[in-house]
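**Student:** got a sequence here, can you build the structure:
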Amino acid sequence: MSVDAAVQSHLRDRGLDEAVAELMARAAAVPGLADRCAQAGIEPAAITSVAALSEIPVLPKDAVVDLQAQHPPFGGMLAEGADVVRVFQSPGPLYEPQLAGEDSWRWGQAFADLGVGAGDTLLNCFGYHLSPAGAMMEAGTLATGARVLPGGIGNQDLQVRAIADLGVTAYAGLPSYLKALVERFDQAGSPPEQWRLDKALVTAEPLPDSLREILAERVATVRMAYGTGETGLLAYENGDGAGLVLADGVLVQICDLATGAPLTDETEGEVVVTVLRPDYPLVRFGTGDLSGWMLGPDGSLRLRGVLGRTGSAVKVKGMFLHPAQIASVMAGVPGVAQHRFIVGRQDHVDTLRCEVVLDAGADAESVTTQVATRVRDGLRFRADVAVVESVTEGEGPILDTRDWD
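**Tutor:** Alright, predicted model coming up:
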């Protein structure tokens, strides 16, 4: 089977043409969606298939930020009467509504496929504050009938104690953080038989083969998943070693970077997502992630994983770092003439260094202290701050030096 045939089969087997028609019939009056259709010269009632939906231009993440600023708080994209139970803030800032209902982000299907269920206790090591990742993983885990230990990020000594005391069997978080927990568990001198964590769903950063091999020595099943804060789960590994299985309940497309047209071959393009919920019809949302199609052993359509980014933002320790954020945080810092952020990776852990060039007469200690505080408070990152004589022009405010090979 060709990739093109697999794309068509996927649309047909998942009933996505019918799902799109139902979405548009129920959500056409949502102001943000109605405006986009009008701007594209498309009558919403005429959108009864994925092909027709694909005539709507891609909506970049930065455009959503602008729409929310113009029409707060959700840019006119939320249906009247929609039941929002939580609101999250991602870098931008971008505000993401959590809609009512069990597992509204659909992560439960990835956990269930991993084997998480009743009798399991899962340590959730994603953050619960402002960003949605922690709540997403918790909702998905609870949907399987498993228990959740809300670990968040940090307090590793307490977390490894809980792994031993509670018999934690599953994990959700960054792969690099799982490695750190294994090492901290061993450093604590805990008896090996108290390590019962045998399955993990990791996401938000790459999982190179070298790190996967290290984790597999202590965790029998480690699987990668892919999603975004705006759209929820999009795809996940199923254990057969061939790409990422597409999630139910969402339309995922790979689109040409120049035209936004869907690609039905193996060409690399942007991951574009339509959330099939009329109360929050996020249609043709451009994630900024690059991927491509491939075939699974059974001929099914798979994502090749995240192959990079379309824009200038980079993901560090599972969170986006955007040049616009940096400009806002660093604006007006006394004594700073130039600055640059360097992203690195050491022992499978991301590092962040902020290099600053001082104005004449500026006090180095005072400046570095101020910069470190601004980065921590404004960007939610901890960075090493170093004074340098110059930064290379033309490289931009972010230099990513990581090598994922």
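**Student:** give me the contact list for stretch 336-343.
**Tutor:** Under the contact criterion CB atoms under 8 Å, 6 or more residues apart in numbering, stretch 336-343 has outside partners 314, 316, 321, 326, 330, 333, 350-359, 362, 367, 371, 383, 390-392, 395-402. C-beta coordinates here come from the backbone N, C-alpha and C atoms, glycine included.
**Student:** now do the helices in the protein.
**Tutor:** Using DSSP state H, the helices of the chain run over residues 3-13, 16-27, 31-40, 50-53, 61-70, 108-114, 133-143, 156-166, 175-187, 209-216, 323-330, 364-374.
**Student:** which among those is found nearest to residue 266?
**Tutor:** Each of the helices of the chain has some distance to residue 266 by CB to CB; the shortest is helix 3-13, at 5.5 Å.
**Student:** quickly compare the helices of the chain and say which is most buried.
**Tutor:** With neighbours taken as mean count of other CB atoms under 10 Å, those reach their highest mean count in helix 133-143, at a mean of 24.
**Student:** between the helices of the chain, which one is nearest to residue 80?
**Tutor:** That would be, of the helices of the chain and by CB to CB, helix 31-40, which comes in at 9.0 Å.
**Student:** quick one: average confidence on that closest one?
**Tutor:** When pLDDT is averaged along helix 31-40, the result is 95.
**Student:** next one: stretch 374-382
**Tutor:** Stretch 374-382 shows a mean pLDDT of 82.
**Student:** which intervals of the protein have sub-threshold pLDDT?
**Tutor:** Applying pLDDT under 70 to the chain picks out residues 310-312, 393-395, 404-405.
**Student:** spatially central residue for it, please.
**Tutor:** residue 228 (3.5 Å; CA atoms, centre = their mean).
**Student:** for it, give me its contacts.
**Tutor:** Going by CB under 8 Å, 6+ apart, residue 228 touches 234, 273, 287, 289.
**Student:** which ones among those lie within strands?
**Tutor:** Mapping those onto strands (DSSP state E) picks out 234, 273, 287, 289.
**Student:** can I get the residues you listed in TSV with neighbour count?
**Tutor:** What follows is these, written out as TSV (neighbours: other CB atoms under 10 Å):
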residue	neighbour count
234	24
273	24
287	23
289	21
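**Student:** identify, from those, the entry nearest to residue 299.
**Tutor:** residue 234 (20.4 Å).
**Student:** close enough to count as contact, that closest one and residue 246?
**Tutor:** Yes: at 7.3 Å, residue 234 counts as touching residue 246 under the criterion of CB atoms under 8 Å.
**Student:** which residues do these two both contact?
**Tutor:** 252, 303.
**Student:** quick check: bridge partners of residue 233?
**Tutor:** For residue 233, the beta-bridge assignment (DSSP bridges) gives partners residue 227.
**Student:** where's it relative to residue 19, distance?
**Tutor:** Applying CB to CB, to the nearest Å, the value for residue 233 to residue 19 is 16 Å.
**Student:** for residue 164, same thing?
**Tutor:** 45 Å.
**Student:** next: residue 66.
**Tutor:** 28 Å.
**Student:** cool, residue 214 as well?
**Tutor:** 40 Å.
**Student:** then residue 321?
**Tutor:** For residue 321, the distance to residue 19 - CB to CB - is 35 Å.
**Student:** how many neighbours does residue 346 have?
**Tutor:** The local packing of residue 346 (other CB atoms under 10 Å) involves 8 other residues.
**Student:** pull the contacting residues for it.
**Tutor:** Contacts of residue 346 by CB under 8 Å, 6+ apart: none found.
**Student:** which strand residues bridge it?
**Tutor:** residue 349.
**Student:** surely residue 114 meets residue 224?
**Tutor:** No: using CB under 8 Å as the test, residue 114 is too far from residue 224 to be in contact (10.8 Å).
**Student:** pretty sure residue 214 contacts residue 222?
**Tutor:** No: using CB under 8 Å, residue 214 is not in contact with residue 222; the gap is 9.8 Å.
**Student:** which residues touch residue 214?
**Tutor:** Residue 214 neighbours (CB under 8 Å, 6+ apart): 179, 348.
**Student:** domain map for this protein?
**Tutor:** Domain assignment for the chain, taken from automatic domain parsing, gives 3-104+229-309, 108-225, 314-400.
**Student:** show the end-to-end separation of the last one, please.
**Tutor:** Domain 314-400 has an end-to-end distance of 8 Å (CA to CA, to the nearest Å).
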